[in-house]
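# take this sequence and fold it.
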Amino acid sequence: MAKTPFDLQDKVAIVTGGGTGIGKAISQALAQSGAHVVICSRRMEHLEATARKIQGMGRQSLALPCDVRKEDDVKNIVEQTVEKFGKLDILVNNAGASFVCPIEDVTLNGWNAIFGINVTGVFLFSKAACQEMKKQNKGVIINISSIAGRDSSPMMTAYGAAKAAVINLTKALAVEFSQYNIRVNCIAPGLIITEAVQQQMGITPESTQERFVRVPLKRWGNPEEIAWPAVFLASEASSYMTGETICVDGGPRAFEG
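Predicted coordinates:
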C-alpha cells in the first residue's frame, strides 16, 4: 500500500510527559502511525506501561526519567535517543503542570514551578532537539499549550500565563529554526477529560455535560482528539505550516454580553 502524507514510518519521536493523559495518547498515536517513541517524565511508573503498549504495536520505545526543568536531564534524553536510534525527527513538548488557587494566594515557588515545567521545559527541549535536527536539516517540534493561554484562566492564573508564553515561544522558535527546515507548531487543547483533570477539578465524565454546556459541542474532548492533530503536525501533511497554534476546544464560545 502506498504511503500517505500522514505516515511516520520509522520516524523517531520524543514525547515529554508521555506516560499519562494527553501525552500517553500522543505517544500511542505516533506509534500507530509508524514512529518509534521515547517517553519521559519525572515518575517512571507513569511511563513503563505506555512503553510496553508501544512495543506491542511493533514499534520501539524507551521510557526514561526526566525533570524538564533541568538542562542536564534534557540533554541526557536527547543524547540517549540519538544513541539508540541515530536521529531525532519529532519532539512533542507535552509535559505540564497546574493548580487551582486564587492569584493572591499563589506563592513565588508555586509560580516558578508552573513556569519551570510549562515554559522552561519547552525552551530546554527545543534547544537541545534543534542541535540534533539541524544536522539532518529537518525536524518537527510540537508544543502543547492550552486555550487557557489564549483566553486566560481565573483561579489558574500562573498556568494561563505560562501557556500564553508557550504560544508566543512557538512563533519565535518557528522563525529562528526555519533556517534549519525545522517546523514548530502548537496545539491548544480545550476541556480534555483526563484522570489528572478529574482529580484536580473534582469532576466525573458524567458531570461534564451539565457543567460545561457553553462548549458548542456540548462535551469535553478525549485525549485521542489531541493526539491525531499531533500526528498531522508531525507528518508531511502539514509540511507548509510553522508557527501556528491549532485550538482543539469543541468550538468558540458565544459572547454572552
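# what pLDDT, on average, does the strand ranked longest in the chain get?
In the chain, with assignment by DSSP state E, the single longest strand is strand 182-189. For strand 182-189, mean pLDDT rounds to 98.
# which helices and strands does that strand pack with?
helix 121-133, strand 139-144, helix 157-177, helix 224-234, strand 245-248 (3 or more C-beta pairs under 8 Å, 6 or more residues apart in numbering; DSSP states H and E). For glycine as for every other residue, the C-beta is placed from the backbone atoms N, C-alpha and C.
# just how off-centre is it within its chain?
9 Å (C-alpha atoms, centre = their mean, to the nearest Å).
# for it, list every residue counted as buried.
182, 183, 184, 185, 186, 187, 188, 189 (16 or more other C-beta atoms under 10 Å).
# closest one of these to residue 240?
Each of those was scored against residue 240 by C-beta to C-beta, and residue 183 proved nearest at 8.9 Å.
# for that closest one, name its beta-bridge partners.
residue 140 (DSSP bridges).
# wait, it touches residue 143, no?
No. Residue 183 is beyond contact range of residue 143, at 11.5 Å (criterion: C-beta atoms under 8 Å).
# residue 44 - nearest residue in space that isn't next to it in sequence?
Leaving out its chain neighbours, the residue that sits closest to residue 44 by C-beta to C-beta, 6 or more residues apart in numbering is residue 65, at 5.5 Å.
# just the helices in this structure please.
For the chain, the helices defined by DSSP state H occupy 21-32, 48-56, 71-85, 108-115, 121-133, 148-151, 157-177, 195-201, 208-211, 224-234.
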